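S.K.: Requesting a structural model of the entry that follows:
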Amino acid sequence: MCRNIRTLSHFEPPANATEIEAAALQFVRKVSGSTRPSKVNQAAFDEAVHEITHSLEKLLSRLQIQGPARNREVEAAKARARTALRYPDREAGKTRQA
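M.R.: Presented below is the predicted three-dimensional model:
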């Protein structure tokens, strides 16, 4: 799947509308194979993002999760540590230059 889509459930504070819409947009881009749809497809693209955003909001509000909520900063630090292990020759957070 798309590596830019992040887990949104079980965080404190909860995911906001902007984060949910960004995940929906990434999903639609991946599925459609288009980052910028043509004018003729823009309405369908926007409608899909809207519907998926609504579905995600509904899902996240209905999930019943046990245990303590995750901390965004701690999870980001874990991700940086995994990246450093996976790519030891690069500094974490920087893209490879050609």
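
S.K.: got any ranges where this protein has weak pLDDT?
M.R.: Applying pLDDT under 70 to the chain flags residues 1-4, 91-98.

S.K.: Now find how far off-centre the longest helix that it contains is within its chain.
M.R.: With DSSP state H setting the assignment, residue counts place helix 42-62 as the longest helix in the chain. Here the centre of mass of C-alpha atoms in helix 42-62, compared against the chain's by C-alpha atoms, centre = their mean, to the nearest Å, lies 13 Å away.

S.K.: Look at the nearest residue to Ala44 once chain neighbours are set aside and say how many residues are nearby.
M.R.: Spatial nearest neighbour of Ala44, excluding adjacent residues (C-beta to C-beta, 6 or more residues apart in numbering): Pro37 at 7.6 Å. Glycine gets a C-beta too; all of them are placed from N, C-alpha and C. The tally of other residues near Pro37 (other C-beta atoms under 10 Å) stands at 17.

S.K.: Could you do His54 as well?
M.R.: 13.

S.K.: again, but for Arg86
M.R.: Neighbours of Arg86 (other C-beta under 10 Å): 9.

S.K.: ok, now Val40?
M.R.: 7.

S.K.: what do you get for Lys58?
M.R.: By the criterion of other C-beta under 10 Å, Lys58 has 10 neighbours.

S.K.: That one and Ile52: what is the separation?
M.R.: Using C-beta to C-beta, to the nearest Å, Lys58 is found at 11 Å from Ile52.

S.K.: same deal with Leu8?
M.R.: Between Leu8 and Ile52 the computed distance is 12 Å (C-beta to C-beta).

S.K.: Equivalent analysis for Val74, please.
M.R.: Val74 sits at a distance of 28 Å from Ile52 (criterion: C-beta to C-beta).

S.K.: Please say which of those two ends up with more neighbours.
M.R.: Ile52 (19 against 9).
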